[in-house]
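Asks: Structure of the sequence below:
(2 chains)
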Protein chains: 2
Amino acid sequence: MMRKRPLILLSNDDGFEAKGLISLIGILRSCGDLVVVAPDSGRSGMSCAITVASPLRLKLVKEEEGLKIYKSNGTPVDCVKLALNQIFIDEKPDLVISGINHGTNSSVAIHYSGTMGAVLEACMNGFPAIGFSLDDHSMEADFEPASQYIRKIAQNVIDRGLPSGCCLNVNIPVTKEIKGIRLCRQANGRWIEEFDKREHPKGGYYYWLTGNFHNDEPDGPDTDMFALKEGYISIVPSQIDMTSFQLLESMKSWDL
Amino acid sequence: MMRKRPLILLSNDDGFEAKGLISLIGILRSCGDLVVVAPDSGRSGMSCAITVASPLRLKLVKEEEGLKIYKSNGTPVDCVKLALNQIFIDEKPDLVISGINHGTNSSVAIHYSGTMGAVLEACMNGFPAIGFSLDDHSMEADFEPASQYIRKIAQNVIDRGLPSGCCLNVNIPVTKEIKGIRLCRQANGRWIEEFDKREHPKGGYYYWLTGNFHNDEPDGPDTDMFALKEGYISIVPSQIDMTSFQLLESMKSWDL
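Replies: Sure, this is the predicted structure:
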């Protein structure tokens, strides 16, 4: 019996027409049959948000040998839920990949990222899942230098699987000569907000969220941000369980 | 010199008029001066989502001795960002509390919850933060039985602080006779979706996200869901760092 081609679900948060997703499709077509379910437009910064107050739509926009593309008005997490429950009925995906995001999702960006929201959703449902992000927000970003690495990481996960409750957060530096891959931990950091406050023509103020990322440990050699700075692709193995067992232990002495 | 009263920032995801938040204000007024920055209406399921494509508004709706209430059109995370950057300029809060949510945020709900989004945001910015949620979705839910426990937990955190990168996810069972407090880990589980698929009057289909929670370890005695089932308040000490150090170690043998 012939081994069937892997079935891969793709999503993202930049929308079904984003260059990062189109590039990802091109990179992975040789690896398996692809089903894309992605937002109908940009949903950056949507984290694991779900749509509870309005109904979702789902539309097949392209179908050819080995590739189907659907768009939805939902969040990245909604897209994965719709895919797993309304499209993959009899046959389940062997792998779920989100990206390639236009912009890095290293350090604490995992918490805000719609790209990683889709990955966490797939992971919570028991599927091996990977998020890929390129450290370049431009819509014309060049995803080509990373293509061989993306195939290699995807193939490793197809062959080996991932432990239950774990997924991969992969970030790619902007360089034509990527030095290789590093396994990393999530760097400690935070966004220093700089709201752009403006007077409203009808009175009062309104605020645009801007801000700069501050890396609390710029010299941490085992962090994802350090790897990116050095020209390496960072992989942070990430987990659904957010329990701090260390604090749990120390709180046993509290008066509760 | 007199010790100043603690300054406490409150937020939630059910909106500034929700009973859970009004109850929380009543419970905490004796503990410190309160500043509330909350969404102008319900933002359930918003996770750590941020608003990047439209401007934010912020409006003071109530001011009296020891209490200020602001509403915003943003997500819970936006509310915390606005509070920390536009309201708390000279003086920073001693504690950030989100809730009391109408509905539990135990197990993996921490990833979808707007209530916990606000908590994680405060935590990432270095503030001690707690999320409180009651296992009752009703808008008329009774928050009174938990009041003494909420004050006790808040006072402990004011006195002792929390380690950097850690916060508390507190869930409260629905019972008039709460048995006490348990320190727990996050239960493994997931939502089994049951989309309600309907025909659209203009053709095609639309989908309402429904679903039931499946607890993968109903007999796990140290989990938050087990504590709630037994009538105890669960505290899951939670952390920002999602790195799986176990998988990181085992991936060192991969061919990357």
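
Asks: alpha carbons only for contacts and neighbour counts from here, please
Replies: OK.

Asks: part of a strand, is A:R151?
Replies: No - counting by DSSP: H, G, I helix; E, B strand; the rest coil, A:R151 falls outside a strand, being helix.

Asks: which stretches of chain A aren't confidently modelled?
Replies: Across chain A, the ranges flagged by pLDDT under 70 are A:1-3.

Asks: what ranges do the helices span in it?
Replies: Taking DSSP state H, the helices of chain A run over residues A:19-28, A:76-82, A:109-112, A:114-124, A:147-160, A:224-229, A:245-250.

Asks: if you compare those, which one is most tucked away?
Replies: Most buried of those, by mean neighbour count (mean count of other C-alpha atoms under 10 Å in any protein chain shown): helix A:114-124, with a mean of 30.

Asks: Distance from it to the middle of the chain?
Replies: 7 Å (C-alpha atoms, centre = their mean, to the nearest Å).

Asks: what does stretch A:87-103 give?
Replies: 11 Å.

Asks: Equivalent analysis for stretch A:165-181, please.
Replies: Worked out by C-alpha atoms, centre = their mean, stretch A:165-181 lies 12 Å from the chain centre.

Asks: Would you check that A:D40 makes contact with A:I69?
Replies: No - with contact defined as C-alpha atoms under 8 Å, A:D40 does not reach A:I69; the gap is 11.0 Å.

Asks: Near A:D142, how many other residues are there?
Replies: By other C-alpha atoms under 10 Å in any protein chain shown, the residues close to A:D142 number 17.

Asks: Contact distance from chain B - what residues of the stretch 1-150 of chain A qualify?
Replies: Residues of the stretch 1-150 of chain A that fall close to chain B, judged by C-alpha under 8 Å from any C-alpha of the partner chain: A:44-52, A:54-58, A:81, A:85, A:108, A:111-113, A:124-125.

Asks: Out of the residues you listed, list just those in strands.
Replies: Among those, the residues falling in strands (DSSP state E) are A:L58.

Asks: now the residues of the stretch 1-150 of chain A next to chain B: which count as buried?
Replies: A:44-51, A:55-58, A:81, A:85, A:108, A:111-113, A:124-125 (16 or more other C-alpha atoms under 10 Å in any protein chain shown).

Asks: Please enumerate the strands of the stretch 151-256 of chain A.
Replies: For the stretch 151-256 of chain A, the strands defined by DSSP state E, counting those that start in this stretch cover A:166-172, A:181-183, A:189-192, A:196-199, A:205-208, A:212-215, A:233-239.

Asks: could these go into TSV alongside distance to B:I8 and mean neighbour count?
Replies: Listed next are these as TSV, based on distance: least, C-alpha to C-alpha, whole Å; neighbours: other C-alpha atoms under 10 Å in any protein chain shown:
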stretch	distance to B:I8	mean neighbour count
strand A:166-172	35	29
strand A:181-183	39	20
strand A:189-192	21	18
strand A:196-199	24	12
strand A:205-208	23	18
strand A:212-215	25	13
strand A:233-239	31	26
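
Asks: Now tabulate the ones you listed in JSON lines and tack on distance to chain B.
Replies: Shown next, in JSON lines, are the strands of the stretch 151-256 of chain A (distance: least, C-alpha to the nearest C-alpha, whole Å):
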{"stretch": "strand A:166-172", "distance to chain B": "7"}
{"stretch": "strand A:181-183", "distance to chain B": "6"}
{"stretch": "strand A:189-192", "distance to chain B": "6"}
{"stretch": "strand A:196-199", "distance to chain B": "9"}
{"stretch": "strand A:205-208", "distance to chain B": "5"}
{"stretch": "strand A:212-215", "distance to chain B": "11"}
{"stretch": "strand A:233-239", "distance to chain B": "4"}
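
Asks: Any idea which of these gets closest to A:V35?
Replies: With C-alpha to C-alpha as the criterion, A:V35 lies closest to strand A:166-172 of the strands of the stretch 151-256 of chain A, at 19.4 Å.

Asks: Now do the closest one: which elements does it pack against?
Replies: For strand A:166-172, the elements it packs on are helix A:114-124, strand A:129-134, helix A:224-229, strand A:233-239, judged by 3 or more C-alpha pairs under 8 Å, 6 or more residues apart in numbering or on different chains; DSSP states H and E.

Asks: could you dump that strand to PDB, C-alpha only?
Replies: In PDB, the C-alpha atoms belonging to strand A:166-172 read as follows (Å, rounded to 0.1, in the frame of the first residue of the first chain):
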ATOM      1  CA  CYS A 166       3.500  21.400  22.800                       C
ATOM      2  CA  CYS A 167       4.000  23.400  19.600                       C
ATOM      3  CA  LEU A 168       6.800  25.300  17.900                       C
ATOM      4  CA  ASN A 169       7.200  29.100  17.600                       C
ATOM      5  CA  VAL A 170       9.700  29.600  14.800                       C
ATOM      6  CA  ASN A 171      11.100  33.000  13.900                       C
ATOM      7  CA  ILE A 172      13.300  33.900  10.900                       C
END
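
Asks: That one to helix A:114-124, inter-axis angle?
Replies: With axes from the mean of the first three to the mean of the last three C-alpha atoms, to 10 degrees defining the directions, strand A:166-172 sits at 160 degrees from helix A:114-124.

Asks: got the angle for strand A:166-172 vs helix A:147-160?
Replies: Calculated by the same axes, to 10 degrees, strand A:166-172 forms an angle of 170 degrees with helix A:147-160.

Asks: that older thread, okay, and the common contacts of A:D40 and A:I69?
Replies: Common neighbours of A:D40 and A:I69, counting by C-alpha atoms under 8 Å, 6 or more residues apart in numbering or on different chains, are A:F16.

Asks: still on that earlier bit, tell me which of the strands of the stretch 151-256 of chain A sits nearest to B:P93.
Replies: That would be strand A:189-192 among the strands of the stretch 151-256 of chain A, by C-alpha to C-alpha, at 16.6 Å.

Asks: helices and strands around that closest one, which ones?
Replies: In terms of contacts (3+ C-alpha pairs under 8 Å, 6+ apart), strand A:189-192 is packed against strand A:212-215.

Asks: helices or strands next to the strand it packs on in the packing?
Replies: Secondary elements touching strand A:212-215 (3+ C-alpha pairs under 8 Å, 6+ apart): strand A:189-192.

Asks: Give the pairing partners of the strand it packs on; include direction for each.
Replies: According to DSSP bridges, strand A:189-192 forms sheet pairs with strand A:212-215 (antiparallel).
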